[in-house]
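Q: curious how this folds, go ahead:
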Amino acid sequence: MTTRCCSTRRSSANTSTGSRAAANSSPPPAPARRIALRQQAPGDGILDALIPRRYETARPEDKRWEGWTDSQMRKAHQGLAAAERGDLPGPRTIGQVTIGCTLGYLDFRFPNDCWRQRHPKLAAWYLDVEQLPSTQASKPPAS
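A: Modelled structure (predicted):
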């Protein structure tokens, strides 16, 4: 009897009348997944450069390595250029979320970077992202 009950549950999850969570938990089809991952990669790379760069600013002034921090910012801007060349408009993907969070982090931790002037297409895209309720709700408080 228990086996039969479990079988029924498994088979109902595979039907179109199964739970909404089950229907949304599968990965997107291959083309959409590739687009999302291509969008996500520059965001991950930018953060890989920015986070250690930020840690360096916490070190005493005489212990900081300026050449290294400049190199990290160059890497971040190369990633921003790659993101700007990418296809960001369209339905929200994990890649767009990553880029949006990355740009928010850049604004928060490096407010004098002027990335918007260097990457105007990305800045225009981010203007819309900044207005999303989820972005507004997760924005750090102004200091």
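Q: how about the helices in this protein?
A: Counting by DSSP state H, the segments of the chain that form helices are 2-13, 20-24, 30-57, 66-85, 94-109, 115-118, 120-130, 133-138.
Q: from those, which stretch is densest packed?
A: Ranked by mean neighbour count under mean count of other C-beta atoms under 10 Å, the helices of the chain are led by helix 94-109, which reaches a mean of 19. Every residue, glycine included, has its C-beta placed from N, CA and C.
Q: any idea of the mean pLDDT for that one?
A: With pLDDT averaged residue by residue, helix 94-109 scores 94.
Q: what does stretch 123-135 give?
A: In the prediction, stretch 123-135 has an average pLDDT of 93.
Q: kindly report the same for stretch 67-83.
A: In this model, stretch 67-83 carries a mean pLDDT of 95.
Q: Pro141: neighbour count?
A: Burial measure for Pro141: 4 neighbouring residues, criterion other C-beta atoms under 10 Å.
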